[in-house]
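Participant: Here you go, sequence then predicted model.
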2 protein chains.
Amino acid sequence: MQYKAKVYVTLKPSILDPQGRTVERALTHLNHQNVEGVRIGKYIELTLEGERADVEAQLRDISVNVLSNPIMEDVRFELEEQAVEQSA
Amino acid sequence: MQYKAKVYVTLKPSILDPQGRTVERALTHLNHQNVEGVRIGKYIELTLEGERADVEAQLRDISVNVLSNPIMEDVRFELEEQAVEQSA
(Lines give C-alpha, C1' and ligand atoms only; values in the text may rest on other atoms or scores of the structure.)
Protein backbone atom coordinates (compact mmCIF):
# COMPACT_ATOMS: atom_id res chain seq x y z
CA MET A 1 0.00 0.00 0.00
CA GLN A 2 1.13 3.52 -0.74
CA TYR A 3 0.76 6.29 1.80
CA LYS A 4 0.98 10.02 1.37
CA ALA A 5 2.50 11.78 4.38
CA LYS A 6 2.26 15.44 5.29
CA VAL A 7 4.78 16.70 7.83
CA TYR A 8 4.52 20.08 9.55
CA VAL A 9 7.65 21.47 11.19
CA THR A 10 7.21 24.58 13.35
CA LEU A 11 9.56 26.49 15.57
CA LYS A 12 8.87 25.93 19.28
CA PRO A 13 6.87 28.85 20.72
CA SER A 14 9.82 29.98 22.87
CA ILE A 15 12.15 30.30 19.83
CA LEU A 16 12.34 33.69 18.12
CA ASP A 17 11.33 33.72 14.44
CA PRO A 18 13.15 36.60 12.70
CA GLN A 19 11.80 35.58 9.27
CA GLY A 20 8.24 35.72 10.63
CA ARG A 21 8.93 39.08 12.29
CA THR A 22 10.20 40.48 9.01
CA VAL A 23 7.11 39.30 7.13
CA GLU A 24 4.92 40.75 9.90
CA ARG A 25 6.63 44.13 9.61
CA ALA A 26 6.30 44.06 5.81
CA LEU A 27 2.57 43.33 6.15
CA THR A 28 2.17 46.26 8.55
CA HIS A 29 3.77 48.54 5.96
CA LEU A 30 1.38 47.11 3.34
CA ASN A 31 -1.59 48.28 5.41
CA HIS A 32 -2.28 44.95 7.13
CA GLN A 33 -2.08 46.33 10.68
CA ASN A 34 -4.49 43.71 12.02
CA VAL A 35 -2.04 40.86 11.42
CA GLU A 36 0.23 39.51 14.15
CA GLY A 37 1.94 36.36 15.31
CA VAL A 38 3.43 35.41 11.95
CA ARG A 39 5.43 32.17 12.33
CA ILE A 40 7.08 30.44 9.39
CA GLY A 41 7.57 26.71 9.36
CA LYS A 42 8.05 23.91 6.86
CA TYR A 43 5.51 21.70 5.15
CA ILE A 44 6.87 18.49 3.68
CA GLU A 45 5.06 15.95 1.53
CA LEU A 46 6.36 12.46 0.85
CA THR A 47 5.14 9.07 -0.26
CA LEU A 48 5.90 5.84 1.57
CA GLU A 49 5.29 2.26 0.50
CA GLY A 50 4.51 -0.49 3.02
CA GLU A 51 2.17 -1.69 5.75
CA ARG A 52 0.41 1.02 7.75
CA ALA A 53 1.97 0.22 11.15
CA ASP A 54 5.50 0.02 9.70
CA VAL A 55 5.05 3.17 7.66
CA GLU A 56 3.74 5.07 10.67
CA ALA A 57 6.71 4.11 12.84
CA GLN A 58 9.09 4.92 9.99
CA LEU A 59 7.47 8.29 9.38
CA ARG A 60 7.73 9.18 13.08
CA ASP A 61 11.45 8.32 12.95
CA ILE A 62 12.00 10.36 9.77
CA SER A 63 10.03 13.34 11.09
CA VAL A 64 11.86 13.53 14.40
CA ASN A 65 15.37 12.55 13.30
CA VAL A 66 15.70 13.82 9.73
CA LEU A 67 13.12 16.49 8.95
CA SER A 68 13.19 18.46 12.20
CA ASN A 69 15.52 19.59 14.95
CA PRO A 70 13.89 18.47 18.21
CA ILE A 71 15.79 21.10 20.21
CA MET A 72 14.19 24.03 18.39
CA GLU A 73 11.27 22.62 16.45
CA ASP A 74 7.99 20.80 16.95
CA VAL A 75 6.87 18.31 14.35
CA ARG A 76 3.55 16.64 13.58
CA PHE A 77 2.43 14.51 10.69
CA GLU A 78 -0.59 13.07 8.92
CA LEU A 79 -0.71 9.85 6.95
CA GLU A 80 -3.31 8.98 4.36
CA GLU A 81 -3.79 6.03 2.05
CA GLN A 82 -3.10 6.87 -1.53
CA ALA A 83 -5.27 5.45 -4.26
CA VAL A 84 -2.99 3.67 -6.70
CA GLU A 85 -3.86 4.30 -10.33
CA GLN A 86 -5.02 1.16 -12.09
CA SER A 87 -3.68 0.56 -15.55
CA ALA A 88 -6.44 -0.42 -17.97
CA MET B 1 -13.08 38.50 16.37
CA GLN B 2 -9.63 36.94 16.12
CA TYR B 3 -8.83 34.36 13.49
CA LYS B 4 -5.93 31.97 13.24
CA ALA B 5 -4.79 31.37 9.68
CA LYS B 6 -2.70 28.49 8.37
CA VAL B 7 -1.14 28.99 4.95
CA TYR B 8 0.47 26.18 2.93
CA VAL B 9 2.83 27.14 0.13
CA THR B 10 3.98 24.35 -2.17
CA LEU B 11 6.00 24.30 -5.37
CA LYS B 12 3.89 23.66 -8.45
CA PRO B 13 4.16 20.00 -9.53
CA SER B 14 6.06 20.96 -12.71
CA ILE B 15 8.79 22.82 -10.77
CA LEU B 16 11.87 20.85 -9.75
CA ASP B 17 12.53 20.67 -6.01
CA PRO B 18 16.28 20.18 -5.47
CA GLN B 19 15.92 20.47 -1.69
CA GLY B 20 13.34 17.69 -1.72
CA ARG B 21 15.53 15.56 -4.00
CA THR B 22 18.45 15.97 -1.61
CA VAL B 23 16.35 14.90 1.37
CA GLU B 24 15.04 11.95 -0.63
CA ARG B 25 18.57 10.84 -1.48
CA ALA B 26 19.64 11.23 2.15
CA LEU B 27 16.69 9.08 3.25
CA THR B 28 17.66 6.38 0.75
CA HIS B 29 21.15 6.30 2.25
CA LEU B 30 19.57 6.03 5.71
CA ASN B 31 17.81 2.82 4.67
CA HIS B 32 14.45 4.39 3.82
CA GLN B 33 14.31 3.02 0.26
CA ASN B 34 10.50 2.99 0.26
CA VAL B 35 10.26 6.79 0.37
CA GLU B 36 9.77 8.91 -2.73
CA GLY B 37 8.22 12.14 -3.94
CA VAL B 38 9.68 14.35 -1.21
CA ARG B 39 8.53 17.95 -1.76
CA ILE B 40 9.37 20.75 0.63
CA GLY B 41 7.08 23.72 1.07
CA LYS B 42 6.29 26.38 3.63
CA TYR B 43 3.76 26.38 6.43
CA ILE B 44 2.88 29.81 7.79
CA GLU B 45 0.73 30.65 10.80
CA LEU B 46 -0.66 34.11 11.48
CA THR B 47 -3.41 35.79 13.46
CA LEU B 48 -5.84 38.32 11.97
CA GLU B 49 -8.35 40.55 13.73
CA GLY B 50 -11.64 41.56 12.07
CA GLU B 51 -14.89 40.34 10.56
CA ARG B 52 -14.78 36.92 8.89
CA ALA B 53 -15.56 38.06 5.32
CA ASP B 54 -12.98 40.88 5.47
CA VAL B 55 -10.35 38.66 7.04
CA GLU B 56 -10.89 35.96 4.43
CA ALA B 57 -10.47 38.39 1.53
CA GLN B 58 -7.43 39.91 3.21
CA LEU B 59 -5.86 36.51 3.84
CA ARG B 60 -6.36 35.52 0.20
CA ASP B 61 -4.61 38.73 -0.87
CA ILE B 62 -1.73 38.17 1.58
CA SER B 63 -1.34 34.51 0.60
CA VAL B 64 -1.22 35.16 -3.13
CA ASN B 65 0.68 38.45 -3.18
CA VAL B 66 3.01 38.34 -0.19
CA LEU B 67 3.53 34.79 1.03
CA SER B 68 3.84 32.98 -2.30
CA ASN B 69 5.10 33.39 -5.81
CA PRO B 70 2.17 32.54 -8.11
CA ILE B 71 4.52 31.74 -11.00
CA MET B 72 6.18 28.86 -9.19
CA GLU B 73 4.06 28.08 -6.18
CA ASP B 74 0.57 26.98 -5.22
CA VAL B 75 -0.98 28.33 -2.05
CA ARG B 76 -3.95 27.31 0.06
CA PHE B 77 -5.13 28.45 3.45
CA GLU B 78 -7.39 27.60 6.37
CA LEU B 79 -9.04 30.08 8.71
CA GLU B 80 -10.35 29.25 12.14
CA GLU B 81 -11.92 31.35 14.87
CA GLN B 82 -9.65 31.77 17.80
CA ALA B 83 -11.07 31.64 21.30
CA VAL B 84 -10.01 34.83 23.05
CA GLU B 85 -8.82 34.25 26.59
CA GLN B 86 -11.12 35.85 29.13
CA SER B 87 -9.45 37.62 32.01
CA ALA B 88 -11.02 36.64 35.35
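Facilitator: Cool, got the structure.
Participant: residues of stretch A:43-56 that come out buried?
Facilitator: By 16 or more other Cβ atoms under 10 Å in any protein chain shown, the buried positions in stretch A:43-56 come out as A:Tyr43, A:Ile44, A:Glu45, A:Leu46, A:Thr47, A:Leu48, A:Val55, A:Glu56. C-beta here means a position set from N, CA and C on the backbone, and glycine is covered the same way.
Participant: What is the one helix or strand A:Ile44 maps to packed up against?
Facilitator: Counting by DSSP states H and E, the element that carries A:Ile44 is strand A:35-49. If contacts are counted by 3 or more Cβ pairs under 8 Å, 6 or more residues apart in numbering or on different chains; DSSP states H and E, strand A:35-49 sits against strand A:2-11, helix A:18-29, helix A:52-62, strand B:2-11, helix B:18-29, strand B:35-49.
Participant: Surely A:Val75 is in a helix?
Facilitator: No - checked against DSSP: H, G, I helix; E, B strand; the rest coil, A:Val75 lies outside a helix; its state is strand.
Participant: Could you measure from it over to A:Leu59?
Facilitator: Applying Cβ to Cβ, to the nearest Å, the value for A:Val75 to A:Leu59 is 10 Å.
Participant: which residues do these two both contact?
Facilitator: In terms of Cβ atoms under 8 Å, 6 or more residues apart in numbering or on different chains, A:Val75 and A:Leu59 are both contacted by the residues A:Val7.
Participant: Would you confirm that A:Val9 contacts A:Val64?
Facilitator: No - A:Val9 is beyond contact range of A:Val64, at 10.3 Å (criterion: Cβ atoms under 8 Å).
Participant: Skipping adjacent residues, who's closest to A:Val55 in space?
Facilitator: Nearest residue to A:Val55, sequence neighbours excluded (Cβ to Cβ, 6 or more residues apart in numbering or on different chains): A:Leu48, at 4.7 Å.
Participant: need the contact list for that neighbour.
Facilitator: Counting by Cβ under 8 Å, 6+ apart, A:Leu48 touches A:Gln2, A:Tyr3, A:Ala5, A:Val55, A:Gln58, A:Leu59, B:Asn34, B:Val35.
Participant: who's in contact with the host helix or strand of A:Glu78?
Facilitator: For A:Glu78, the host element (DSSP H and E) is strand A:73-81. By Cβ under 8 Å, 6+ apart, the surrounding residues in contact with strand A:73-81 are A:1-12, A:15, A:41, A:52, A:55-56, A:59-60, A:63-64, A:67-68.
Participant: at 10 Å what do you get?
Facilitator: By Cβ atoms under 10 Å, 6 or more residues apart in numbering or on different chains, the residues outside strand A:73-81 that reach it are A:1-13, A:15, A:41-42, A:44, A:46, A:48, A:52, A:55-56, A:59-60, A:62-65, A:67-69.
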